[in-house]
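Enquirer: My questions are about this predicted structure, shown below with the sequence.
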Amino acid sequence: MIAKRSSSHCAEPAIKVMVVDDSAVVRQVLTQILNEDHEINVIASVSDPIFAMKRMENEWPDVIILDVEMPRMDGITFLKKIMSERPTPVVICSTLTEKGAETTLQALQAGAVNIITKPRVGLKDFLLDGCNDVVSAVKAASTAKLSNINASKNGPPKSKSVIKHISTRLSRTTQKVVAIGTSTGGTQALEAILSSLPSVTPGIVIVQHMPEKFTEMFAKRLDSICEIEVREAVNKDRVLPGLALIAPGGRHMRLKRSGAHYLVEIFDGPVVNRHKPSVDVLFRSVADQAGSNAAGFILTGMGDDGARGLNAMRQAGAYTVAQDEASCIVFGMPKEAIALGAAQSILPLNKIANEIMSSLTAEHL
């Protein structure tokens, strides 16, 4: 099915989208949702990658929404083929299952930039209720810098001598907290940063915009490749050196001081800035509970979640950093933080691991 729309209502050409999913319901609903936005034009909606490749011989999309479990060719194989031949932003449309989460993480490693989740039942209503998220995911993907995905996958150059030197000094400090917030492109950025950190890293708390079930799988994969321990946070987890806690999808996370220690509270609540977990919720709690004993880092991602929270951290005496535009996959959240004056430093991705290690020493306190 091909659905064309006029782009006469907008100054810029509409974002050309292709939907590849073996579910007719998903194709129909996504096409309806996307075509209602005048900035988006669904040029094709097909049931598998073989049909997609045939359509792409005539017209190449700006963004592809891709299922991962399909007949004839699975989404991962198709994604790798696209990335090797003509890199194009891909948004994965995956089921909310453990298997779906595992496959989706493989897709993110292969170059996908975002995730849309879908349940096995109540599919139509679920997608319609989340129509704003679908549109936002497509718009964010259309601005993604795919060259930075490959750069992140290769990891930042590690200045081991610098990290070792800083690590020795940091081992004498206690009760420091690093807070990181990120969204689109964050999985690649976090992998590059966390895999560069030594075991004496200060305790780290992270919000990565990601659906429930996916965060646990994501944390396990990072844990398998990092020197520090990485896991999905549970309520009352202590924040400890050498440990990174990732907020679970579908729940908020905030920092709490308990005597001489910090711990995290995991709780339900309304979405904030259209997200749960929200970066602003975490950053504001860090500002309140840790003040100048904290450092905040806002990384790649669409929207403005975290910008005001980072500003609160800076006002409370924390050291604050925003990722620079050149190394972001989507320069949204850091841009908003910089505009508010929330960031004391603006750094490329390959400088952030070292900055985490140095940010909580006397140089910044």
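Expert: Everything's here; your move. Residues are numbered from 1 along each chain as shown.

Enquirer: make it CA atoms for all contacts and neighbour counts henceforth
Expert: Noted.

Enquirer: Tell me where the stretch 201-350 of the chain has strands.
Expert: Taking DSSP state E, counting those that start in this stretch, the strands of the stretch 201-350 of the chain run over residues 203-208, 229-232, 243-246, 252-258, 261-267, 294-298, 319-323, 345-347.

Enquirer: chain center to the last one: distance?
Expert: When C-alpha coordinates are averaged (Cα atoms, centre = their mean, to the nearest Å), strand 345-347 and its chain have centres 19 Å apart.

Enquirer: Quick check: neighbours of that strand in the sheet, parallel or antiparallel?
Expert: strand 319-323 (parallel) (DSSP bridges).

Enquirer: who's in contact with the strand it pairs with?
Expert: With Cα atoms under 8 Å, 6 or more residues apart in numbering as the test, strand 319-323 has contacts from 292, 294-300, 310, 313-314, 334-335, 337-338, 342-349, 352, 359-360, 364-365.

Enquirer: angle of it against strand 294-298?
Expert: Strand 319-323 runs at 10 degrees relative to strand 294-298, counting by axes from the mean of the first three to the mean of the last three Cα atoms, to 10 degrees.

Enquirer: So residue 92 sits against residue 112, correct?
Expert: Yes - applying Cα atoms under 8 Å, one finds residue 92 in contact with residue 112, separated by 6.7 Å.

Enquirer: more neighbours, the two?
Expert: Shown here are residue 92 and residue 112; by other Cα atoms under 10 Å, residue 112 has more neighbours (30 against 27).

Enquirer: That one belongs to a helix?
Expert: No - assignment of residue 112 by DSSP: H, G, I helix; E, B strand; the rest coil gives coil, placing it outside any helix.

Enquirer: which residue sits closest to it, ignoring its sequence neighbours?
Expert: Nearest non-adjacent residue to residue 112, counting by Cα to Cα, 6 or more residues apart in numbering: residue 90, 4.9 Å away.

Enquirer: So that I can see them in ChimeraX, could you write out a selection of the buried residues among the contacts of strand 319-323?
Expert: A single ChimeraX command selects the buried members of the contacts of strand 319-323 (16 or more other Cα atoms under 10 Å):
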select :292,294,295,296,297,298,299,300,310,313,314,334,335,337,338,342,343,346,347,349,352,359,360
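
Enquirer: Next, check the contacts of strand 319-323 against the helices and list the overlap.
Expert: Using DSSP state H, the members of the contacts of strand 319-323 that fall in helices are 310, 313, 314, 334, 335, 337, 338, 349, 352, 359.

Enquirer: which of the residues in stretch 212-225 are buried?
Expert: For stretch 212-225, a neighbour-count test (16+ other Cα under 10 Å) marks 212, 213, 214, 215, 216, 217, 218, 219, 221, 222, 223 as buried.

Enquirer: Which residue ranges of the stretch 1-150 of the chain form helices?
Expert: Listed in chain order, the helices of the stretch 1-150 of the chain (DSSP state H, counting those that start in this stretch) span 24-35, 49-56, 75-85, 98-110, 123-129, 131-142, 146-154.

Enquirer: could you dump those to CSV with mean pLDDT and distance to residue 190?
Expert: Output for these, formatted as CSV (pLDDT from 0 to 100; distance: least, Cα to Cα, whole Å):
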stretch, mean pLDDT, distance to residue 190
helix 24-35, 90, 30
helix 49-56, 94, 30
helix 75-85, 91, 21
helix 98-110, 76, 12
helix 123-129, 67, 28
helix 131-142, 86, 18
helix 146-154, 65, 9
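
Enquirer: In TSV: these, plus mean neighbour count and distance to residue 234.
Expert: TSV is the format used below for the helices of the stretch 1-150 of the chain (neighbours: other Cα atoms under 10 Å; distance: least, Cα to Cα, whole Å):
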stretch	mean neighbour count	distance to residue 234
helix 24-35	18	33
helix 49-56	16	39
helix 75-85	17	31
helix 98-110	19	18
helix 123-129	14	27
helix 131-142	20	26
helix 146-154	18	28
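
Enquirer: can you list these in TSV and add distance to residue 275?
Expert: Putting these into TSV (distance: least, Cα to Cα, whole Å) gives the following:
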stretch	distance to residue 275
helix 24-35	20
helix 49-56	31
helix 75-85	27
helix 98-110	19
helix 123-129	14
helix 131-142	10
helix 146-154	23
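
Enquirer: May I ask which helix or strand of this structure has the lowest mean pLDDT?
Expert: Least confident element among the helices and strands of the chain, by mean pLDDT, DSSP states H and E: helix 160-170 (a mean of 45).

Enquirer: next helix or strand past that one?
Expert: strand 177-182 (DSSP states H and E).

Enquirer: packing partners for that following strand?
Expert: In terms of contacts (3 or more Cα pairs under 8 Å, 6 or more residues apart in numbering; DSSP states H and E), strand 177-182 is packed against strand 203-208, helix 279-289, strand 294-298.

Enquirer: which of those is buried the deepest?
Expert: strand 294-298 (a mean of 30; mean count of other Cα atoms under 10 Å).

Enquirer: List of residues touching stretch 15-27?
Expert: Contacts for stretch 15-27 (Cα under 8 Å, 6+ apart): 30-31, 39-49, 52, 61-67, 70-71, 123-124, 139, 142.

Enquirer: so can I have CSV of the helices and strands packed on strand 177-182 showing distance to residue 230?
Expert: Shown next, in CSV, are the helices and strands packed on strand 177-182 (distance: least, Cα to Cα, whole Å):
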stretch, distance to residue 230
strand 203-208, 9
helix 279-289, 18
strand 294-298, 17
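
Enquirer: and of the ones you listed, who's closest to residue 228?
Expert: Between residue 228 and those, the shortest gap by Cα to Cα is with strand 203-208, which sits at 9.8 Å.

Enquirer: Tell me the strands beside that closest one, with direction?
Expert: strand 177-182 (parallel), strand 243-246 (parallel).
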